[in-house]
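[1] Sequence and predicted structure, then a few things I'm wondering about:
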Amino acid sequence: MQPMKPMKPMESLPSDWWPASLDAPASTGSQDGWRYAYFPRQRRLAVERDGQVTLYATGDHAISGARQSRSSGTGAGPVFTSQHGDVSLDSLRRVSSS
C-alpha cells in the first residue's frame, strides 16, 4: 500500500461571461443558444446570445427562472419568471451590450 499523495489544488472555473463589475448571480441558466445571469443587488439581468452580452435593468422584478418563448415572431426568445409573472426582454430596459 502506498501513502496518499497530496491533493492537487482546485482548478479555477472558466471566466464568468458577465461583466466583472457585477456580483455573483442569484440565478443562472441556459437554453437553445442563450444564457442568462440575474443580479438582484444591482437589479440587472445579463443575457448572452451569439457571443454578445446584453445587460437589462430589471426594476422590481426578482428573476427566478427562464424558458424559451413559444412564439415564432420577432418576440421569440427567452421569457423570464418573476414574482409579477412572465417577463420578456422587450419589456426590460436595455442598459448596455458588448
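    Great, that's in hand.
[2] C-alpha from now on. contacts and neighbour counts both.
    Fine.
[3] mind listing what's buried in stretch 59-66?
    Using 16 or more other CA atoms under 10 Å as the test for burial, stretch 59-66 gives 61-63, 65-66.
[4] can you list the residues you listed in TSV and add distance to H84 and pLDDT?
    As requested, those are exported to TSV (distance: CA to CA, whole Å; pLDDT from 0 to 100):
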residue	distance to H84	pLDDT
H61	7	95
A62	8	94
I63	10	93
G65	12	89
A66	14	90
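[5] want to throw these into JSON lines with secondary structure and distance to Q83?
    Output for the buried residues of stretch 59-66, formatted as JSON lines (DSSP: H, G, I helix; E, B strand; the rest coil; distance: CA to CA, whole Å):
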{"residue": "H61", "secondary structure": "coil", "distance to Q83": "7"}
{"residue": "A62", "secondary structure": "coil", "distance to Q83": "6"}
{"residue": "I63", "secondary structure": "coil", "distance to Q83": "8"}
{"residue": "G65", "secondary structure": "strand", "distance to Q83": "10"}
{"residue": "A66", "secondary structure": "strand", "distance to Q83": "13"}
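[6] Including distance to S30, could these go into TSV?
    Formatted as TSV, the buried residues of stretch 59-66 follow (distance: CA to CA, whole Å):
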residue	distance to S30
H61	19
A62	18
I63	14
G65	10
A66	8
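[7] Determine which two of these are furthest apart.
    H61 and A66 (12.9 Å; CA to CA).
[8] List the neighbouring strands of the lowest-mean-pLDDT helix or strand in the chain plus their orientation.
    Lowest by mean pLDDT, DSSP states H and E among the helices and strands of the chain is strand 65-68, with a mean of 86. Each strand paired with strand 65-68, and its direction, by DSSP bridges: strand 78-82 (antiparallel).
[9] Other residues contacting the partner strand?
    61-69, 86-89 (CA atoms under 8 Å, 6 or more residues apart in numbering).
[10] May I see those residues arranged in a markdown table, with distance to R43 as well?
    Shown next, in a markdown table, are the contacts of strand 78-82 (distance: CA to CA, whole Å):
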| residue | distance to R43 |
| --- | --- |
| H61 | 8 |
| A62 | 8 |
| I63 | 9 |
| S64 | 13 |
| G65 | 15 |
| A66 | 16 |
| R67 | 20 |
| Q68 | 22 |
| S69 | 22 |
| D86 | 17 |
| V87 | 14 |
| S88 | 15 |
| L89 | 14 |
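[11] Fine, thanks again, bye for now.
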